[in-house]
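Asker: model the structure of this input:
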Amino acid sequence: MVGTDMRSLTLCLAVLLLPLLAAGCASPGVSVSGLKDERERQVRVDTAAYQDHSELGLGIHGPEWHLRGTVGKDTRVAFHQIYLRTGAPQRRRWDEATAVVDGALVHLDVETVDSSPRCSEFGCIYLEDTVIRVEEAHLRHWAEAGGTIQLVSSLAEKAHLDLSLDGAEARQEIDKYLESFQDARSAI
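Answerer: Predicted structure coming up:
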């Protein structure tokens, strides 16, 4: 009887945890929009959200990010962004971002585009959406060698976040995005 209960409990836990474990895997694909729509002046490329669950603890989720970019159909001018979602018990407002690319320190444009609290009887967590503008050369470097973007907050004393792009899956996400972006640009 006890063995059956333990097997049932183990099965229930496996069913509940499987979606959480699967969420850390590479996303299934990249979406391209606006390519065949003559009303659109640009083509947009987005990856699915990626979250590295390796640093989870005490129910705190690591940052979730995805890549998105646009290219003008007439101008062929391209823009690339890392769209980042973080959660913390207080507002962060990430307003400074730096990374080392090819041995040089690079300052990246960063903007918090949304900050909203989610509260329960246990307290509040602030979900913040931040856009980091990056160059295609930076993405190519990170796809090959990995890297880390360090974000700093001016609101929360000494608050910083290291967004790791070092893992094989993260590098594959960047590589998949770049390949899809190049295909979309060539199809214009």
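
Asker: quick one: buried residues of stretch 98-118?
Answerer: 99, 101, 106, 108, 110, 112, 115 (16 or more other C-beta atoms under 10 Å). Every residue, glycine included, has its C-beta placed from N, CA and C.

Asker: so what's the fifth one bridging to?
Answerer: On DSSP bridges, the residues paired with residue 110 through beta bridges are residue 132.

Asker: residues in contact with it?
Answerer: Taking C-beta atoms under 8 Å, 6 or more residues apart in numbering, we find residue 110 in contact with 94-97, 130-133, 151.

Asker: switch these over to a markdown table; also include pLDDT, distance to residue 87 and neighbour count.
Answerer: What follows is the contacts of residue 110, written out as a markdown table (pLDDT from 0 to 100; distance: C-beta to C-beta, whole Å; neighbours: other C-beta atoms under 10 Å):
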| residue | pLDDT | distance to residue 87 | neighbour count |
| --- | --- | --- | --- |
| 94 | 91 | 13 | 27 |
| 95 | 89 | 18 | 14 |
| 96 | 94 | 19 | 13 |
| 97 | 97 | 18 | 23 |
| 130 | 95 | 12 | 26 |
| 131 | 97 | 17 | 16 |
| 132 | 98 | 17 | 21 |
| 133 | 98 | 22 | 14 |
| 151 | 95 | 14 | 23 |
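
Asker: from those residues, pick the one nearest residue 163.
Answerer: Closest to residue 163 out of the contacts of residue 110 is residue 151 (6.6 Å), distances taken as C-beta to C-beta.

Asker: which element follows the strand or helix carrying the closest one toward the C-terminus?
Answerer: Residue 151 belongs to strand 148-153 when assigned by DSSP states H and E. The helix or strand immediately downstream of strand 148-153 is strand 160-164, counting by DSSP H and E.

Asker: related to what we said a few turns ago, make CSV from the contacts of residue 110 and add distance to residue 180 to it.
Answerer: Shown next, in CSV, are these (distance: C-beta to C-beta, whole Å):
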residue, distance to residue 180
94, 27
95, 30
96, 30
97, 24
130, 23
131, 19
132, 19
133, 19
151, 26
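
Asker: what's the closest of those residues to residue 143?
Answerer: residue 132 (15.9 Å).

Asker: how close does the closest one sit to residue 117?
Answerer: Distance, residue 132 to residue 117, by C-beta to C-beta, to the nearest Å: 22 Å.
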